[in-house]
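Novice: Have a look at this fold, sequence not included:
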């Protein structure tokens, strides 16, 4: 096939590799918190704030940084932020105090937020619209691989060599991936030149902005729903479902592997059935969580439902990202990617916070029902807005 029609496997796999190291870097502390707390002489809860600080930095800084760098080459930004992520990991590894480690995590959060604001829209510059679902699934595979392979391996290295060595190793791997990006990631033209006599329209007047906001609201609801329950899945599996604590790691591995399967399915189906596929995935997810909540005493059924949850949710972030890229106009794609990144991180942090509130007020058994309610609201919002948009399109044709 001619070069302009060939599917850009190399560029997309390079992006997936960059996402892999970035996500691994983000979640590396989660498996090493006890070691870090002991070495830095802080409590476990204080060490846990390293994750909160990172996510909070992403939420606060992503959109402003994306706006400040909107005229900079996308490839240049990817290279620059990967180098900053590598530096942040090195600084974390050599940080003599907890306060300096927090500073290193803030630096990493700044780079990570801008990284996602650019990478989330990068695949849309490499493929035509009808291949967006497949392209996004490929790049999202880097994130899935980080949870299935990167974070567990990083945790194992941290336990064997020490948490500082783990941060140094991931920093070195990020540098290697940066060289791969320089070599293999195609540069893209992300700006639309104005035609003669055309006036630039502010983002707030872009016709696709309302749709972008609605997609962000769906992302926020779905991610909040997921993390309201999943954040506390370990104690739920032990106390509610009766699994031995030693079995939890295997169950989480099953969930991660199931998520990778769901991502592959999404890659094949999203381009053909973007709206119906999302609705079916959310309905199946809600059914799986309902089974978990009602049949807790049957561990075989719980395991099967947990795997179904992993499969269905595994493709949902890629579906939502694809929908965002289809919804946003070309000029609004970078801002949409920044807003999308913010919505994802608010959902992650907000879900954990909401789960804590529900847990304090009731018990672990209530968490799945809270998640189901939020999933239902997100699904209703998505389906109803799609129906309204379709009705409006039909009226305009009459």
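Specialist: Happy to help now that I have it. The shown structure was predicted, so the numbers you read here are calculated from the model rather than taken from an experiment.
Novice: My read is that residue 299 contacts residue 242, right?
Specialist: Yes. Counting by Cβ atoms under 8 Å, residue 299 touches residue 242, with 6.7 Å between them. To be clear about C-beta, it is placed using only N, CA and C from the backbone, and glycine gets the same treatment.
Novice: Looking at the two, which has the bigger crowd around it?
Specialist: Neighbour totals were compared for residue 299 and residue 242, and residue 299 leads with 16 against 12 (other Cβ atoms under 10 Å).
Novice: tell me the contacts of that one?
Specialist: Taking Cβ atoms under 8 Å, 6 or more residues apart in numbering, we find residue 299 in contact with 241, 242, 243.
Novice: per-residue pLDDT, the last one?
Specialist: In this case it means residue 243. pLDDT for residue 243: 87.
Novice: surely it meets residue 237?
Specialist: Yes. Residue 243 is within contact range of residue 237, at 4.7 Å (criterion: Cβ under 8 Å).
Novice: higher neighbour count, those two?
Specialist: Each of residue 243 and residue 237 has its neighbours counted (other Cβ under 10 Å); residue 237 has more, 24 against 18.
Novice: residues in contact with the more buried one?
Specialist: Taking Cβ under 8 Å, 6+ apart, we find residue 237 in contact with 243, 247, 248, 251, 302.
Novice: what's the helix or strand for it?
Specialist: Residue 237 is located in helix 233-239, with elements delineated by DSSP states H and E.
Novice: Likewise for residue 311?
Specialist: Using DSSP H and E, residue 311 sits in helix 299-327.
Novice: Pull out the buried residues from that helix.
Specialist: Of the residues in helix 299-327, 299, 302-303, 305-327 count as buried by neighbour count, 16 or more other Cβ atoms under 10 Å.
Novice: Beyond it, next helix or strand please.
Specialist: helix 333-361.
Novice: Heading C-terminal from that next one, find the next helix or strand.
Specialist: Next along the chain after helix 333-361, taking DSSP H and E as the criterion, comes helix 367-397.
Novice: Show me what counts as buried in that following helix.
Specialist: Applying a neighbour-count criterion of 16+ other Cβ under 10 Å, one finds 367-368, 370-372, 374-375, 377-379, 381-383, 385-386 buried in helix 367-397.
Novice: Next: stretch 44-59.
Specialist: Neighbour-count burial for stretch 44-59, counted by 16+ other Cβ under 10 Å, picks out 47, 48, 49, 50, 51, 53, 54, 55, 56, 57, 58, 59.
Novice: and what of stretch 33-44?
Specialist: Using 16+ other Cβ under 10 Å as the test for burial, stretch 33-44 gives 33, 35, 36, 37, 40, 42.
Novice: Do you know the pLDDT at the third one?
Specialist: As predicted, residue 36 sits at a pLDDT of 85.
Novice: how far away is it from residue 66?
Specialist: Plainly put, residue 36 is 31 Å away from residue 66 if you go by Cβ to Cβ, to the nearest Å.
Novice: Show me the helices in the stretch 151-300 of the chain, by range?
Specialist: Here the stretch 151-300 of the chain has its helices, by DSSP state H, counting those that start in this stretch, at 151-161, 163-184, 209-230, 233-239, 245-269, 274-294, 299-327.
Novice: Make a markdown table out of those helices and add distance to residue 72.
Specialist: Converted to a markdown table, these look like this (distance: least, Cβ to Cβ, whole Å):
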| stretch | distance to residue 72 |
| --- | --- |
| helix 151-161 | 30 |
| helix 163-184 | 15 |
| helix 209-230 | 21 |
| helix 233-239 | 40 |
| helix 245-269 | 30 |
| helix 274-294 | 31 |
| helix 299-327 | 20 |
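Novice: Which of these sits closest to residue 86?
Specialist: Among these, the nearest to residue 86 by Cβ to Cβ is helix 163-184 (4.0 Å).
Novice: Check which helices and strands that closest one sits against.
Specialist: Using 3 or more Cβ pairs under 8 Å, 6 or more residues apart in numbering; DSSP states H and E, the elements in contact with helix 163-184 are helix 9-27, helix 33-40, helix 74-94, helix 151-161.
Novice: Deepest-packed of those, please.
Specialist: Counting by mean count of other Cβ atoms under 10 Å, helix 9-27 has the highest mean neighbour count of the helices and strands packed on helix 163-184, with a mean of 22.
Novice: quick check: angle from that one to helix 74-94?
Specialist: Inter-element angle recorded for helix 9-27 and helix 74-94: 30 degrees (by axes from the mean of the first three to the mean of the last three Cα atoms, to 10 degrees).
Novice: List the contacts of helix 9-27.
Specialist: Helix 9-27 is contacted from outside by 51, 54, 78, 82, 85, 88-89, 108, 112, 115-116, 119, 122-123, 126-127, 135, 138-143, 145-147, 150-151, 154, 170, 173-174, 177, 180-181, 184-186, using Cβ under 8 Å, 6+ apart.
Novice: From these, list the buried ones, please.
Specialist: Neighbour counting by 16+ other Cβ under 10 Å classes 51, 54, 78, 82, 85, 88-89, 108, 112, 115-116, 119, 122-123, 126-127, 135, 138-143, 145-147, 150-151, 154, 170, 173-174, 177, 181, 185 among the contacts of helix 9-27 as buried.
Novice: who touches both of residue 243 and residue 237?
Specialist: By Cβ under 8 Å, 6+ apart, the residues touching both residue 243 and residue 237 are 251, 302.
Novice: returning to that earlier point: would you turn the contacts of residue 299 into JSON lines with distance to residue 70?
Specialist: Output for the contacts of residue 299, formatted as JSON lines (distance: Cβ to Cβ, whole Å):
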{"residue": "241", "distance to residue 70": "48"}
{"residue": "242", "distance to residue 70": "53"}
{"residue": "243", "distance to residue 70": "49"}
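Novice: between those residues, which is closest to residue 336?
Specialist: Nearest to residue 336 among these, counting by Cβ to Cβ, is residue 241 at 39.3 Å.
Novice: List the contacts of that closest one.
Specialist: 292, 296, 297, 299, 302 are the contacts of residue 241 under Cβ under 8 Å, 6+ apart.
Novice: mind redoing it with 10 Å?
Specialist: 233, 247-248, 251, 292, 295-299, 301-303, 306, 364 (Cβ atoms under 10 Å, 6 or more residues apart in numbering).
Novice: Good, wrapping up.
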